[in-house]
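1. generate coordinates for the sequence data below:
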Amino acid sequence: MKSPKSAPPSPGDRAAMLTVRRKHKMARSVHAFVRGNTSEFYDWLDGTEGRAIPQGPAIWIGGDCHLGNLGPVANAQGKIDVQIRDLDQTVIGNPAHDLIRLGLSLATAARDSDLSGVVTARMMEQLTKGYTNCFDEKTDRTKAFPSPDTVRVTIKEAVRRSWKDLAKERIEDTTPHIPLGRTFWPISKEERKAVEKIFEAKNLFCHITCAGIGNENTSVRILDAAYWVKGCSSLGKLRYAVLLDAETAGSGKTQRCLIDIKEAGPAAAPRQPGARMPQINGERVVEGARHLSPYLGDRMAAADILGRSVFVRQLLPQDMKVDIKKMPQEEAGKIAHYLGTVVGNAHARQMDREVQKLWKKELQRNRAKTLQVPIWLWSSIVGLVAGHEGSYLEHCRKHAFHAKP
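-> This next block holds a predicted model:
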């Protein structure tokens with residue numbers, strides 16, 4: 001006999017439950033710990049070892065480029081590309097930080113997949129090669145990079161997905177309500193009014209929706225809204241799922257949409273001294289997304305809920321993450337190379353040719369004779385893996401040792 005499901009918490013009881021859930025999620029594996037612990041990464045960079053990293057050109061960086069934050073996204077016209085899909089930490093900063101963060105994520109994913117150190121070293125070579133090639137003047141960044149089988153399967157799935165697939169995956173149902181339970185919690189009347197107020201803003205909906213639906217006179221009706229317990233590093237911030245009907249432009253018909261509203265907190269990623277960025281965090285996230293991931297950024301908007309900055313976007317069926325639970329050895333190098341090109345392409349499009357040449361020259365300096373990786377990148381990843389391994393074990397001892405399996 002199954003035990004009855006516990007009721008979702010009231011708005012006032014969220015904080016404690018979210019803290020516990022976040023700590024338990026981070027205890028699942030060292031890779032999960034790395035994904036949910038951006039602050040430790042930047043604490044390390046702020047130390048003596050991190051100061052040895054070269055200062056790259058001042059551009060928008062993702063700030064948290066781990067495996068789960070890369071994947072297929074669709075633009076307003078439905079075209080699909082693999083880009084950075086989570087920009088909470090985006091700032092005008094040092095592109096080397098994105099490269100190191102991705103290298104750390106790949107290295108810990110390799111450890112969780114029981115891959116040898118030799119395979120990991122080769123992955124770092126391929127990551128460097130894929131990233132560096134994006135700054136070659138012969139590279140045509142308008143062409144899609146060849147994707148490994150693991151990524152190609154995800155892209156094919158994204159292409160064929162429909163609204164029903166999105167609804168079943170995200171809200172477990174296609175009916176006009178959001179089922180409360182483990183993933184979705186009730187919101188207060190005050191929160192509901194604040195959510196409704198967002199969609200009263202003229203032009204907001206047409207900025208976040210796909211082509212053919214929204215214009216400044218689009219009529220929007222909210223069907224349901226709930227607090228969304230999602231992610232790991234974002235647990236504890238405001239996050240809402242909103243189900244609504246929008247009138248298709250000029251047709252009189254309605255189309256159902258799932259909207260993601262997420263709080264934009266201060267970025268842990270260090271910004272370049274003197275860099276001019278939006279002071280409001282929601283606007284910072286949207287601006288960074290437009291530079292790094294235009295397919296996503298061009299359908300995002302900043303807003304405000306109860307005095308807290310948020311950003312708003314419509315979730316499309318094609319928006320997915322590259323979910324690699326077990327890294328296949330035969331594809332590890334190809335995956336590293338491909339994801340290096342995704343991040344490299346996001347960086348390169350912000351640089352003119354002369355800046356690209358200088359950055360590529362820096363990336364090719366100081367390589368060891370036995371490893372085609374810059375020494376600063378390899379030593380950073382080694383140091384970060386070692387540090388996170390120890391912190392992960394301490395985290396498990398403190399927060400998950402007595403938890404039920």
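2. which residues in the stretch 301-405 of the chain form helices?
-> Ranges of helices within the stretch 301-405 of the chain are 332-348, 353-363, 375-399, based on DSSP state H, counting those that start in this stretch.
3. what's the pLDDT at the nearest residue to Lys23 once chain neighbours are set aside?
-> Once flanking residues are discounted, Lys23 sits nearest to His399: 3.9 Å by CB to CB, 6 or more residues apart in numbering. C-beta: built from backbone N, CA, C; applies to glycine. At His399, the model reports a pLDDT of 80.
4. over to Thr175?
-> Here the pLDDT value assigned to Thr175 is 64.
5. can you check the one 5 residues further on too?
-> What the model reports for Leu180 is a pLDDT of 87.
6. doesn't it belong to a helix?
-> No - counting by DSSP: H, G, I helix; E, B strand; the rest coil, Leu180 is not part of a helix but coil.
7. how much space between it and Pro8?
-> Distance, Leu180 to Pro8, using CB to CB, to the nearest Å: 5 Å.
8. mutual contacts of the two, please.
-> Common contacts of Leu180 and Pro8 (CB atoms under 8 Å, 6 or more residues apart in numbering): Pro186.
9. looking at these two, which is more packed in?
-> More neighbours surround Pro8 than the other of Leu180 and Pro8, with 18 against 15 (other CB atoms under 10 Å).
10. please report phi then psi for the residue nearest to the more buried one when sequence neighbours are not counted.
-> Excluding the flanking residues, the one nearest Pro8 by CB to CB, 6+ apart is Trp185, at 4.2 Å. Note on Trp185: backbone dihedrals following degrees, to the nearest 10 are phi -120, psi 160.
11. bridging residues for Trp185?
-> Beta-bridge partners recorded for Trp185 (DSSP bridges): Tyr227.
12. neighbours around it, how many?
-> 21.
13. again with Gly47
-> Residue neighbour count, defined by other CB under 10 Å, stands at 11 for Gly47.
14. what about the strands in the protein?
-> Along the chain, the stretches classed as strands by DSSP state E are 59-61, 70-74, 80-84, 91-93, 184-185, 220-228, 239-247, 254-263, 300-305, 308-315, 367-368, 371-374.
15. before we move on, the earlier item: so what's the residue nearest to Lys23 up against?
-> Counted by CB under 8 Å, 6+ apart, His399 has contacts 23-24, 26-27.
16. which one of these has the most neighbours?
-> Highest neighbour count within the contacts of His399, by other CB under 10 Å: Met26, with 24 neighbours.
17. these two touch, right, it and His395?
-> Yes - here Met26 reaches His395: they are 6.2 Å apart, a contact under CB atoms under 8 Å.
18. is it true that Thr90 touches Val286?
-> No - applying CB under 8 Å as the test, Thr90 and Val286 come out as separate, 9.3 Å apart.
19. against Val322, how distant is Gly383?
-> Distance from Gly383 to Val322, by CB to CB: 26 Å.
20. ditto for Ala7
-> Counting by CB to CB, the separation of Ala7 from Val322 is 35 Å.
21. what about these two, which has more around it?
-> The residue with more neighbours, out of Ala7 and Val322, is Val322; 23 against 10, by other CB under 10 Å.
22. can you pull the contacts of that one?
-> Taking CB under 8 Å, 6+ apart as the criterion, Val322 is in contact with 67-68, 70-72, 82, 150-151, 154, 339.
23. mind picking the lowest-pLDDT entry from those residues?
-> Ranked by pLDDT, these bottom out at Thr154, which has 72.
24. wait, Asn37 sits on Gly387?
-> No - contact criterion CB under 8 Å: Asn37 and Gly387 do not qualify, at 10.6 Å.
25. which residues touch the most centrally placed residue in the chain?
-> With distances taken as CA atoms, centre = their mean, the chain has Asp86 as the residue nearest its mean C-alpha position (2.4 Å). Applying CB under 8 Å, 6+ apart, we find Asp86 in contact with 62, 64, 68-69.
26. how about stretch 190-201: buried residues?
-> 191-192, 194-195, 198-199 (16 or more other CB atoms under 10 Å).
27. average pLDDT across that stretch?
-> Here the average pLDDT along stretch 190-201 is 89.
28. contacts for that stretch?
-> Here stretch 190-201 makes contact (CB under 8 Å, 6+ apart) with 11, 187, 204-205, 220, 222, 225, 227, 240, 242, 244, 261, 303-306, 312.
29. quick one, grab the pLDDT at the nearest residue to Asn69 once chain neighbours are set aside.
-> Spatial nearest neighbour of Asn69, chain neighbours left out: Asp86 (4.0 Å); criterion: CB to CB, 6+ apart. At Asp86, the model reports a pLDDT of 91.
30. ok, back up a step: looking at Thr90 and Val286, which is more packed in?
-> Thr90 (30 against 26).
31. low-confidence regions, the stretch 151-300 of the chain specifically.
-> Counting by pLDDT under 70, the ranges of the stretch 151-300 of the chain that qualify are 159-160, 162-166, 168-175, 202-203, 205-207, 209-218, 231-236, 248-252.
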